[in-house]
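Colleague: Sequence and predicted model, in that order:
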Amino acid sequence: MAGLTLKHIYKVYENGHKAVNDFNINIEDKEFIVFVGPSGCGKSTTLRMIAGLEEITAGDLFIGDTLVNDMEPKDRDIAMVFQNYALYPHMSVYENMAFGLRNRKVPEEVIKEKVLNAAKILDIEDYLDRKPKAMSGGQRQRVALGRAIVRDPKVFLLDEPLSNLDAKLRAQMRTEITKLHKSLGTTFIYVTHDQVEAMTMGTRIVVMKLGYVQQIDTPMNLYNKPYNKFVAGFIGTPQMNFFNVRLNRVKDKVEVIFANGNVITVPYEVVAKAPDKYLHSGVEVILGVRPDHVQVSEKKTGLCGVVNVVEHLGNECIIYADLEGNVENAEEKAEEGMSKANSITIKTIEGIEVNQGDKIYLALDPHRIHLFDKETEITIIEEVPHASSFMGKVSAGKLSMFGKSVALPAAVKDALDGKGEVMVDIPPYAVVPGKDFALEVHDVEELGDVRLASLINGDRYLYAIVDKKVKKGDTYEFALHLDKVTFHAGDEVALAPIGEEEALIGTFSKADRRENRERVIDFFYNINGVPVLAPRENGYKMNQVEGNKCYKNNYKFVINRKAIKLAEEGIEGDVKEILDYGYISYAKLDVNGQEILVEAPVGLADSKVYISFAGEDVAVHSLDIDMRIC
Amino acid sequence: MSTTAPKKKYRSQKAAKRASLAASYVVLTILSLIWIIPILWIVLTAFRNDLNESGEIIGTVTSNFFPNRPGFQNFADLFTFKMNGVEFVFLRWMGNTLLVSVVCCILSTFLILSVAYCISKLRFKMRKGFMKFSMILGLFPGFMSMIAIYYLLKSIGLSGNPDNPALSLVGLMIAYSAGAGMGFQVAKGFFDVIPNSLVESAKLDGCTNFKIFWKIILPLSKPIIIYTALMAFTGPWMDFIFAKVIIGSTNTAYWTVSVGLYSMLYSDKGNPDYFTKFAAGCVMVGIPITALFMFLQRYYVEGVTAGAVKG
Amino acid sequence: MAKAKQIGANKKRNWFLRTWDNFVFKLEEFGKRFVDGSIGTKLSHFVFGAGNFYHKQYIKGALFLLLQVGIILFMVLCPSVNGEYYGYKALVNLALGGSKGGEFDKETGEQLPPSDDKLRLLFGLVTIAVIVIFFIIWLANIKSSYKADLDVKQGKKPTTFIEDLKELLDTRFHLLMLTPTLVAALVFTLLPTIFMICMAFTTYNDFDMTAENTTLFYWNGVNNFVYMFTGQSQLGKEISARFFPVLGWTFLWAIFATFTCYFGGIILAILINKKGLMGKKIFRTAFVLTIAIPQFISLLAVRNLFSSYGPVNTLLQNMGLISEPIGFFGLNDNDNEILAKVMVIVINMWLGIPYTMLMTSGILMNIPTDLYEAGQIDGASKTKMFWKITLPYVIFVTTPYLIGSFIGNINSFNTIFLLTGGGPTYSGYKAGGTDLLVTWLYKLTIENGEYNTGAVIGIMTFIITATITLITYTRSKAYNEEDTFQ
């Protein structure tokens, strides 16, 4: 029994195809994790890497606390159920189940006991003498499960085990596998392309697409809070409806304007966390609403359609309708993969009298709508919003915002002088306790580890991460970390925020030295010819992943900015500028053509400085393909 | 009225079907005859004991298809016969060939299956290199290497050894089996079809690669084992060039049947008069081989198909 | 940032540079191993197995040592066979070329016997092969010792002999399985092939295989190739006059032989597998007989069936269609060449069609039936289904076979050799009207001892077949998708 940890796992084939990209997950013991996604999304590859059937290109895989990257499959203490069952055709069911134990030299009596026990659980006691060929698909499936059970593995891997069964059997086996998981109390990792299986079985689900993890969450969260359009469309049947809409805020309501001219309104609260730029009908966004959350309305609403097809399923009925109104370039939009742009699916309880051709009015559940950015397809209503935007005014070195005016630190002043009106994107974590501003707390949400407060500023909210003392109705006094906010002047970014990481490009090398007359190899990251001692295990990883070419190629070294220190010696950089943000200040350095920012005192007078950092704080990325090696 | 039209059509369809079937029978019958006649002729010739004016058996090719005087004299002659001073030890030739082919069969099958398994189911550094190497090597015409093989065998006493001519047969076995491993493609094609998940499953079950080969792959590969063995077994019965060069033309006692039969007609020791005896010899060789072939035809077809489909 | 990107770009090196890099890297590693290794590893650079003894791996060490001693003895003692030497003497002989027989020994004044030049060349090559193997064993012995060093350094015990053997059954199973084949291929295929290639660059030709008479061999550079293409020397002239006709016929033959058998077989298979046909088994057996019967028997039977006094000629004469017996197979010099060519193609059909028939039958049974059902629903006629479904499927599946069979036919020896023997004979050097490159090769070398010329033709044949193979195989789907992951 053990958990699993996957850290920055990559799979890159020899032909350069990246099957899995930066897969990170921490699987607790006894979890039932489902990898789901369309074919070619890398879910099976990931599973096979866990099993040891596929080599891991880069990253670390732990089963329990053991790093198993280089461990043989048989030593990993895992069992796997294959899609085609992979039963040995020339062995009887008993032999199939006993084979793995016999190879491990388990005494014959113990084998017998275990096999009979597993057969009992799976209800295949009567078939133990049969050959797999003489069994039905469902029975074979049970044998495959039984073969895994008798091994008592730490982790159970199942690769699309139900895809070869018919629908009825599949539903039955689904519940049986869930039951099995409960009774065995083992970690299960289950791969499927079927979202119903994923939703019904998993305690957590990993949704993947084209090698990238899209979202890792519980089934309910995936359904209710899909991170992007792909997840939203993939989870749930019938599929979510998508429309291109524009949003327009009118006081405490927001108008949702469809491409065909239909308009509905939703309360502002629903979209309060969306960045302000989406709310002024300037930007098109994608509206997603599940068929379950569309109702046929008795009253006249802003959204009407003509019924196309009605499917009666007995307890419920699914209506396919076309939205009324002229749709400009509807066909074009249909090609983009929108659900036919002007058609809508409605799932409703039986008993509604609608027929083909009927004109119906539709009501959306305003609290169950989803909004996605049109370009990135990522939700615009994040639980912890990316940033909230407010206008401020810069004049005479002072910023006027939230009814107060504060003196700007030098760096901001220089960048914004004379810009006048600016738009400030403030991430919640840039709002820190302080004395500069004060706003009333509208509400405080507990979101896992974070407490997110919405502060009332006029008709909108500023979101801030706050500590336990802050309560609803308080007046919250705060300041802004101006190095974390973005200032827009007009359409241009006047001042970009400063990130957490810096990247430098350099090479990798090794050197020998003697220690007690023994040869010891040290590995180094070389930036501008200055070596930085790399952790030895990273050196081995570089060799393993990149081969001989690791000493020839250039690499991107990503360093946490906090880890970069000014030092007496180290990598040389020319100071180009000192950026003073008040509570913190940075030096902008030119390191042989590469520009980086380093925390530095305001009074730094040298034109040349040296920076240093520890090899442990460096992540090495390949430049040939976008991959984190170690 | 409306029902008759389709019925008529149905009837005419049936008639057309019958006509085309009849045509097929005719064509197939003619073709089978064409295919069988030469073989039939050889068999008939083997039983031909026609006499010429002076009362001797005519041994040459004659114009009559059916024997005028059937008999077993040609077969009898095969065992008690000297031609142009060469002792005619047909039974011994059969024995030599059987010995060579059994040993070859075992050696070659082992080599081919082991190589095919490695190439099909294992992944190692030199795998692609090995495949390319075998492909390129296979493109060189075999005859030139034959000369070198002859001298190689000779230099280690396995060919043309005056003290112990029987060793030539060992040389022949080596020559036949040595290159066998390079002809792994058909078996590889078969192994490729065995699902990889079986191998992976066995790996998870704790098998070594050897155990996977022995306990999983081989038990599932009966058709290809039989096909490979059949091919290896029949090889020595069919080849006469290699055998002639390696055994040499003087050691008649160690000839294989094909060398013997070929020499009866087309060598300095040959004579057109021996044709009927040659035919008898052909029947003697042909019967067991053909029987074996027919008996294992199913596996042969499977092998041929596997080889063709996967190349 | 732009500059940074420039710094960052990794140039993709070409194959040669990469290989060179690898080589340099390996060399560096080699040097490091010598410097860092234990005393045992250092010593094993000179004495095989020393490192293994140092690490108490006695059996392994003894095996290495034995090999080293054996090979050194082989090189120094120069064992001889038939008066020809292996070992260092073979290298000297190889470089100098053949000894001139009939020279007088300076000391004894006796006439020296001529050397056996085939053996001289061969033994030289064998000795080179032994040196290469020596080198490989040397590297393996150092590596093995160094690995034991590392194990000790990491606090592990060096692997025991039993553990090494166990590894051979698992992670290094391919070594165990491929070594016999590789060794056999090296000795009985690669070495002979190099031997043949070398011959093309010598003056070596003799008229007797048994080497009682000997002509001398000297290294001759590319002269043989030059002669053949420029037509200097009488032989070169005759050879070059015949080369392109033979090459052309070889291709023509390969094309006809391949496609007649291929399509003939498909048609026959479809005929036999027709629905409702009775006696399928009988028909099939009739055809399969030609595969079952050893080929030289059936070919010789046919040859005699069509001989001058054979039943066919007699039958035709009796029917009054011909007055004189026809030489179907060009066995006489003035026989019709075209007829002989047509005949070999026809007889080859007789041999080859059943084979394709069997294969196609297997494939026909495997055609997914839903393809036909879909066709039937669409109202396609039988003929249409054949052209649109059956044939494309069969051809698609058998493309690799088609390529292989084309190459096989270029090198098809038996059919031509046993039927026509290459006849009718041509005025040009040794190549008859129906001779393929291979049968010509056979005649030149085995029958006439023109080894160097034969080798030149062999190399040409190889270049042609290799080119075709490489082009077709690398483009075929089966090759490219061999390793695609499902």
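Modeller: Cool, got the structure. Residues are numbered from 1 along each chain as shown, chains lettered A, B, ... in the order given.
Colleague: going forward, measure contacts between C-alpha atoms and count neighbours the same way
Modeller: OK.
Colleague: Next one: residue A:577 from residue A:497, what distance?
Modeller: Between residue A:577 and residue A:497 the computed distance is 16 Å (CA to CA, to the nearest Å).
Colleague: same thing with residue B:148?
Modeller: Counting by CA to CA - residue B:148 and residue A:497 are separated by 78 Å.
Colleague: count of neighbours near the residue nearest to residue C:158 when sequence neighbours are not counted?
Modeller: Closest residue to residue C:158 apart from its sequence neighbours, by CA to CA, 6 or more residues apart in numbering or on different chains: residue C:148 at 4.9 Å. By the criterion of other CA atoms under 10 Å in any protein chain shown, residue C:148 has 27 neighbours.
Colleague: helix, strand or coil for residue C:148?
Modeller: The three-state label given to residue C:148 by DSSP: H, G, I helix; E, B strand; the rest coil is helix.
Colleague: just checking, it touches residue C:161?
Modeller: No. Contact status for residue C:148 versus residue C:161: not in contact, 12.0 Å apart, counting by CA atoms under 8 Å.
Colleague: List the contacts of residue B:253.
Modeller: Applying CA atoms under 8 Å, 6 or more residues apart in numbering or on different chains to residue B:253 gives the contacts B:87, B:89, B:92-93.
Colleague: Those in helices, which ones?
Modeller: Among the contacts of residue B:253, the members falling in helices (DSSP state H) are B:92-93.
Colleague: Relative to residue A:307, how far out is residue A:360?
Modeller: In terms of CA to CA, residue A:360 sits 7 Å off from residue A:307.
Colleague: Between those two, which is the more surrounded one?
Modeller: Each of residue A:360 and residue A:307 has its neighbours counted (other CA under 10 Å); residue A:360 has more, 24 against 21.
Colleague: So the more buried one sits against residue A:299, correct?
Modeller: No. The criterion here is CA under 8 Å, and residue A:360 misses it with residue A:299 at 9.5 Å.
Colleague: Can you point out the buried residues in stretch B:156-176?
Modeller: Across stretch B:156-176, burial judged by 16 or more other CA atoms under 10 Å in any protein chain shown covers B:157-161, B:165-176.
Colleague: likewise stretch C:182-201?
Modeller: Those would be C:182, C:184-193, C:195-201, for stretch C:182-201 by 16+ other CA under 10 Å.
Colleague: and it, is it in reach of chain B?
Modeller: Yes. Interface with chain B: stretch C:182-201 contributes C:184-185, C:188-190, C:192-193, C:195-196 (CA under 8 Å from any CA of the partner chain).
Colleague: Point out where the chain drops to low pLDDT.
Modeller: Went with chain A since none was named. Applying pLDDT under 70 to chain A flags residues A:1, A:325-341.
Colleague: meant chain B, my bad for not saying
Modeller: Applying pLDDT under 70 to chain B picks out residues B:1-11, B:83-86, B:267-270, B:307-311.
Colleague: The residue of the stretch 51-200 of chain B found nearest chain A: neighbouring residues, count only.
Modeller: Per CA to the nearest CA, residue B:198 is where the stretch 51-200 of chain B lies closest to chain A, at 4.9 Å. Using other CA under 10 Å, residue B:198 has 20 neighbouring residues.
Colleague: for the longest helix seen in chain C, which positions count as buried?
Modeller: In terms of residue count, the longest helix belonging to chain C (DSSP H) is helix C:234-272. Across helix C:234-272, burial judged by 16+ other CA under 10 Å covers C:235-243, C:245-247, C:249-251, C:253-272.
Colleague: quick one: contacts for the residue positioned nearest the centre of chain C?
Modeller: Nearest to the mean C-alpha position of chain C, counting by CA atoms, centre = their mean, stands residue C:189 at 7.3 Å. Listed by CA under 8 Å, 6+ apart, the contact set of residue C:189 reads B:137, B:145, B:179.
Colleague: Can you tell me which of the residues you listed has the most neighbours?
Modeller: Neighbour counts for the contacts of residue C:189 (other CA under 10 Å) peak at residue B:179, which has 24 neighbours.
Colleague: Secondary structure element holding the closest residue in space to it that isn't next to it in sequence?
Modeller: In space, and not counting its chain neighbours, residue B:179 is closest to residue C:185: 5.7 Å by CA to CA, 6+ apart. For residue C:185, the host element (DSSP states H and E) is helix C:173-185.
Colleague: what's the offset of that helix from the middle of its chain?
Modeller: 18 Å (CA atoms, centre = their mean, to the nearest Å).
Colleague: next structured bit after that helix?
Modeller: Heading C-terminal from helix C:173-185, the first helix or strand you meet, by DSSP H and E, is helix C:191-199.
Colleague: Check which helices and strands that next one is in contact with.
Modeller: helix B:142-155, helix C:117-153, helix C:451-475 (3 or more CA pairs under 8 Å, 6 or more residues apart in numbering or on different chains; DSSP states H and E).
Colleague: could you measure residue B:136 against residue B:127, distance?
Modeller: Residue B:136 sits at a distance of 14 Å from residue B:127 (criterion: CA to CA).
Colleague: can you name the two of the residues of stretch C:182-201 next to chain B that are farthest apart?
Modeller: C:184 and C:196 (17.3 Å; CA to CA).
Colleague: thinking again about what came up before, in CSV: the residues of stretch C:182-201 next to chain B, plus pLDDT.
Modeller: Listed next are these as CSV, based on pLDDT from 0 to 100:
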residue, pLDDT
C:184, 88
C:185, 86
C:188, 87
C:189, 86
C:190, 88
C:192, 88
C:193, 87
C:195, 87
C:196, 84
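Colleague: what about the residue most central in space within chain B, distance to chain C?
Modeller: Centroid-nearest residue in chain B: residue B:234, 3.5 Å away (criterion: CA atoms, centre = their mean). According to CA to the nearest CA, to the nearest Å, residue B:234 and chain C sit 8 Å apart.
Colleague: With residue B:51 instead?
Modeller: Noted for residue B:51: a distance of 17 Å to chain C, by CA to the nearest CA.
Colleague: What residues does that residue make contact with?
Modeller: B:57-58, B:69.
Colleague: Run a quick neighbour tally on residue 300.
Modeller: Went with chain A since none was named. Neighbour tally, residue A:300, other CA under 10 Å: 12.
Colleague: sorry, should have said chain C
Modeller: Neighbour count of residue C:300, defined by other CA under 10 Å: 21.
Colleague: cool, residue B:54 as well?
Modeller: Neighbour count for residue B:54, taken as other CA under 10 Å: 6.
Colleague: so it, which of the three states?
Modeller: Three-state call for residue B:54 (three-state DSSP): coil.
Colleague: Equivalent analysis for residue B:165, please.
Modeller: Using three-state DSSP, the structure places residue B:165 in coil.
Colleague: Mind listing what's buried along stretch B:185-199?
Modeller: Those would be B:185-192, B:194, B:197-199, for stretch B:185-199 by 16+ other CA under 10 Å.
Colleague: close to chain C, is the helix or strand hosting residue B:34?
Modeller: Using DSSP H and E, residue B:34 maps to helix B:4-46. Yes. Using CA under 8 Å from any CA, we find that helix B:4-46 touches chain C at B:21, B:24-25, B:28-29, B:32, B:35-36, B:38-39, B:41-42.
Colleague: Show me what that helix is packed against.
Modeller: Looks like helix B:4-46 contacts helix B:275-295, helix C:234-272, helix C:280-292, helix C:295-305 (3+ CA pairs under 8 Å, 6+ apart).
Colleague: and those helices as a markdown table, adding distance to chain A?
Modeller: Below are these laid out as a markdown table (distance: least, CA to the nearest CA, whole Å):
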| stretch | distance to chain A |
| --- | --- |
| helix B:275-295 | 24 |
| helix C:234-272 | 30 |
| helix C:280-292 | 28 |
| helix C:295-305 | 37 |
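Colleague: With that, I have no additional questions.
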